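Undergrad: Pasting the sequence and the predicted model now:
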Amino acid sequence: MFDKWGVWIFTIVLAAMLVPGGSAEATVRKTNVLSNVRTHIIPNLNNTGTDVCFVYNANHASVSTLISVFPNGTLILAADTLTFPVVLGPRSEARVFSWTPLIPASEYCKVMVVR
């Protein structure tokens, strides 16, 4: 009888270790850095099914940036490219764009210019 309980306990512990649990931190998919300004894509933000591009200014001064987003990841003649001007204060972060990806892990969010 104790052998059966041992097998059940082992099975439950093994299953708990193999099943991925929820995490408080979001996984960052892709990052890009230019002049201490960083972009990062967080996939499936808050389990909404949308990916979100954030931009962060690590400088101690305000900056003006141009952020290009390729939500489909095709980059064909820049037809699906969206460019956003973003003004960031010192050590600040902003949400640039959110989208529902057509092909997971194919999108880009890049810092193009920092002034």
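TA: Noted; the coordinates are in hand. Residues are numbered from 1 along each chain as shown.
Undergrad: got the contact list for the nearest residue in space to residue 101 that is not next to it in sequence?
TA: Leaving out its chain neighbours, the residue that sits closest to residue 101 by C-beta to C-beta, 6 or more residues apart in numbering is residue 51, at 5.3 Å. The way it works is simple: take the backbone N, C-alpha and C, and place the C-beta from them, glycine included. Residues near residue 51 by C-beta atoms under 8 Å, 6 or more residues apart in numbering: 29, 41, 42, 43, 44, 45, 71, 98, 99, 100, 101, 107.
Undergrad: out of the residues you listed, which is most surrounded?
TA: For the contacts of residue 51, the largest number of neighbours (other C-beta atoms under 10 Å) sits with residue 41, at 27 neighbours.
Undergrad: For residue 35, give its distance to residue 83.
TA: Residue 35 is 17 Å from residue 83, where distance means C-beta to C-beta, to the nearest Å.
Undergrad: before we move on, back to that, restricted to strands, list the contacts of residue 51.
TA: Among the contacts of residue 51, the ones falling in strands (DSSP state E) are 41, 42, 98, 99.
Undergrad: Residue ranges in this protein under the pLDDT threshold?
TA: Along the chain, segments meeting pLDDT under 70 span 1-27, 73-79, 104-106.
Undergrad: Thank you kindly, that will do.
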